[in-house]
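Q: I'd like to go over a predicted model; first the sequence, then the structure.
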Amino acid sequence: MIIPWTNPCSIIYLTIKSCSLKEYDLLLQRLPYLRTFSTEEFIIDKSNQLNSSPSISKCYPQLASLMIGNGSFSMTDFELILFLTPSLARLKLISYKSILDSITNGSDWEYLIHNKLPNLKIFEFFFSYHLQKENEAEDLTLVLDRFRTSFWLKEKKWIVACDYVLHQNVIYIYTTPICTKDFEQQWKSIQKTCQTFPFITIFKLLSIDNEFHSTIHRIHGIDDLAESRVLRLLVLGGNHIETKGAQYLADSLRNKMKLTTLDLRDNKIGDQGALYIADALRDNMVLRVLNLSSNGISTTTADHLYECFRNKNSVHKLKLNQNRITNIGAAYIGDMLKENKTLVQINLTGNQIGNTGVQYLTNVLQQHSVLKELHLDSNSITGQGAKHLADALSKTKTLTTLKLRGNEIGPSGTKYLIDAQQNRTVSPC
């Protein structure tokens with residue numbers, strides 16, 4: 001770095017593209033009137049930079065504001081930088097990391113600020129890192145807990161939020177941009193300015209009046225759209241939100257949404273995640289389409305859905321294809337059809353219901369159902385199962401679509417179905 005300057009130099013505000021620790025130390029030495037320093041990137045050279053780093057005993061009290069646009073270094077590196085300027089009143093940091101480390105530790109920041117930066121009034125940060133394993137998402141609660149002590153919320157009045165970017169598996173932890181004494185007003189402001197997708201966010205905010213014990217969980221943007229009655233369709237297919245994500249989503253959906261379509265296909269939510277979703281939708285009287293395909297759910301989920309939807313006369317389409325539902329699960333679905341008078345499409349493709357499961361379903365179809373479409377591809381159905389279906393076809397006038405690809409019905413099963421179709425009259429749609 002070659003900068004021509006007078007001695008002493010009277011620069012009070014300096015912005016540069018990049019800076020190393022050694023260059024930063026030199027600038028502070030040469031610029032005794034510098035009040036604000038901003039750099040797009042702060043570079044730490046691990047091979048020799050820290051070995052030649054300035055002594056901690058050296059400090060430059062003139063600097064009041066420091067802004068670092070991209071600093072991909074550790075908490076120890078930050079300490080070296082910040083120890084040089086103990087009079088900072090404003091600090092802004094942005095850091096992108098590949099793993100979770102001490103830079104997101106609110107306790108470490110609290111100690112550093114309390115003991116080394118006593119004059120700091122404004123602290124804005126944005127930390128980003130990638131989730132490396134499943135249980136790191138659960139660690140977020142602990143991470144955020146360290147930012148909601150009395151130091152952060154009562155003494156400094158700094159609020160920290162967290163975003164989880166589903167498709168990229170990235171976590172953002174950041175301060176809200178305005179420091180204010182009115183927490184309720186700031187919370188309302190956060191709600192109004194939420195984006196909708198692709199983020200699902202968990203906000204955790206403690207009320208001062210509650211001694212820092214209660215927690216507010218939020219799914220980013222979903223509640224706001226629900227309150228304005230805008231959101232009718234939510235599609236989160238293929239995001240691998242898993243059981244924990246289903247729980248967060250269910251917390252937001254419970255008793256609040258006027259949702260008509262919920263598509264959670266291919267998300268690995270499992271039976272427990274499906275239970276969270278079913279319970280959350282129990283009081284939703286307008287849901288028309290629910291897609292839980294490819295989620296590793298079993299007969300247990302079929303039982304939960306029966307309890308949830310048996311008297312809910314709004315659901316038109318239920319998609320449970322590519323799961324692990326057996327003949328017992330088919331029995332639960334059959335019981336649901338007895339009591340639910342609105343289901344017109346059920347997709348059970350790629351499950352394990354077999355001939356016995358088909359019999360449970362067809363017993364209901366012959367007497368009670370208004371079902372128009374039944375998808376049973378790849379369910380190990382043989383000629384005997386086809387006979388059950390043929391008996392149902394001969395007695396029901398509503399079923400117009402039956403899919404049986406990838407089964408083993410054979411010539412006899414084919415004949416049963418053809419004969420039944422030739423002898424039936426289909427009711428108009």
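A: On my side now, so go ahead.

Q: rest of the way, CA atoms for contacts and neighbours
A: Will do.

Q: give me the element residue 15 is part of.
A: Here residue 15 is covered by strand 13-20, with elements defined by DSSP states H and E.

Q: what's the following helix or strand after that strand?
A: Scanning forward in sequence from strand 13-20 by DSSP H and E, the next helix or strand is helix 21-30.

Q: so which elements touch the helix or strand following that following helix?
A: Taking DSSP H and E as the definition, the helix or strand that follows helix 21-30 towards the C-terminus is strand 36-43. In this structure, strand 36-43 makes packing contacts with strand 13-20, strand 65-68, judged by 3 or more CA pairs under 8 Å, 6 or more residues apart in numbering; DSSP states H and E.

Q: how does it look with 10 Å?
A: Based on contacts counted as 3 or more CA pairs under 10 Å, 6 or more residues apart in numbering; DSSP states H and E, the elements that strand 36-43 packs against are strand 13-20, helix 21-30, strand 65-68, strand 90-96.

Q: most tightly surrounded among the ones you listed?
A: When you average the neighbours per residue for each of these (mean count of other CA atoms under 10 Å), strand 65-68 leads with a mean of 20.

Q: tell me what that strand is packed against?
A: Using 3+ CA pairs under 10 Å, 6+ apart as the contact test, the elements touching strand 65-68 are strand 13-20, strand 36-43, strand 90-96, strand 122-130.

Q: would CSV of the ones you listed with distance to residue 152 and mean pLDDT be doable?
A: Output for those, formatted as CSV (distance: least, CA to CA, whole Å; pLDDT from 0 to 100):
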stretch, distance to residue 152, mean pLDDT
strand 13-20, 29, 89
strand 36-43, 24, 88
strand 90-96, 15, 88
strand 122-130, 10, 86
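
Q: of all those, which lies closest to residue 359?
A: Across the helices and strands packed on strand 65-68, residue 359 has its closest neighbour in strand 122-130 (48.5 Å, CA to CA).

Q: what would the helices and strands packed on strand 36-43 look like in CSV with distance to residue 42?
A: Formatted as CSV, the entries for these read as follows, by distance: least, CA to CA, whole Å:
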stretch, distance to residue 42
strand 13-20, 5
helix 21-30, 7
strand 65-68, 7
strand 90-96, 10
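
Q: let me know which of these is the nearest to residue 414.
A: Ranking the helices and strands packed on strand 36-43 by proximity to residue 414 (CA to CA) places strand 90-96 first, at 61.1 Å.

Q: helix/strand/coil for residue 248?
A: Secondary structure, DSSP: H, G, I helix; E, B strand; the rest coil: residue 248 is helix.

Q: let me fix that, I meant to ask about residue 140.
A: With three-state DSSP as the basis, the three-state label of residue 140 is helix.

Q: still on that earlier bit, the helices and strands packed on strand 36-43: which one's closest to residue 232?
A: Residue 232 sits nearest to strand 90-96 of all the helices and strands packed on strand 36-43, at 35.2 Å, using CA to CA.

Q: partner strands of the closest one, with direction?
A: With DSSP bridges as the criterion, the sheet partners recorded for strand 90-96 are strand 65-68 (parallel), strand 122-130 (parallel).

Q: packing partners of whichever helix or strand comes after it?
A: Toward the C-terminal end, the helix or strand that comes next after strand 90-96 (DSSP H and E) is helix 106-116. Packing partners of helix 106-116 (3+ CA pairs under 10 Å, 6+ apart): helix 75-83, helix 135-145.

Q: now do helix 106-116: distance to the chain's middle.
A: Remark: helix 106-116 is offset 30 Å from the chain centroid, using CA atoms, centre = their mean, to the nearest Å.

Q: list the buried ones in it?
A: Judged by neighbour count (16 or more other CA atoms under 10 Å), helix 106-116 contains these buried residues: 106-107, 109-110, 112-113, 116.

Q: mean confidence (pLDDT) on stretch 364-371, please.
A: Taken as a whole, stretch 364-371 has a mean pLDDT of 81.

Q: export the helices and strands packed on strand 65-68 to CSV and tack on distance to residue 412?
A: Written out in CSV, the entries for the helices and strands packed on strand 65-68 read as follows (distance: least, CA to CA, whole Å):
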stretch, distance to residue 412
strand 13-20, 77
strand 36-43, 74
strand 90-96, 64
strand 122-130, 56
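
Q: right, so of these, which gets closest to residue 154?
A: Put simply, out of the helices and strands packed on strand 65-68 the one that sits nearest residue 154 is strand 122-130, at 14.1 Å, with distance taken as CA to CA.

Q: and the angle from that closest one to helix 106-116?
A: When axes from the mean of the first three to the mean of the last three CA atoms, to 10 degrees is applied, the directions of strand 122-130 and helix 106-116 differ by 150 degrees.

Q: just to revisit the earlier point, give me whichever of the helices and strands packed on helix 106-116 is most buried.
A: The highest mean neighbour count among the helices and strands packed on helix 106-116, using mean count of other CA under 10 Å, belongs to helix 75-83: a mean of 16.

Q: helices or strands next to that one in the packing?
A: Packed against helix 75-83 by the contact rule (3+ CA pairs under 10 Å, 6+ apart) you find helix 21-30, helix 106-116.

Q: compare those helices and give me the one nearest residue 96.
A: Shortest distance between residue 96 and the helices and strands packed on helix 75-83, using CA to CA, is found for helix 106-116: 16.7 Å.

Q: can you tell me what sits against the closest one?
A: Residues from elsewhere that reach helix 106-116, judged by CA atoms under 10 Å, 6 or more residues apart in numbering: 75, 78-79, 82-88, 102-103, 117-120, 123, 142-149, 151-152, 160.

Q: list the residues that contact residue 367.
A: 338, 392, 395-396.

Q: which parts of the stretch 201-350 of the chain are helices?
A: Ranges of helices within the stretch 201-350 of the chain are 222-227, 242-253, 270-280, 299-309, 327-339, based on DSSP state H, counting those that start in this stretch.

Q: mind putting those into JSON lines with mean neighbour count?
A: Listed next are these as JSON lines, based on neighbours: other CA atoms under 10 Å:
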{"stretch": "helix 222-227", "mean neighbour count": "18"}
{"stretch": "helix 242-253", "mean neighbour count": "20"}
{"stretch": "helix 270-280", "mean neighbour count": "22"}
{"stretch": "helix 299-309", "mean neighbour count": "21"}
{"stretch": "helix 327-339", "mean neighbour count": "22"}
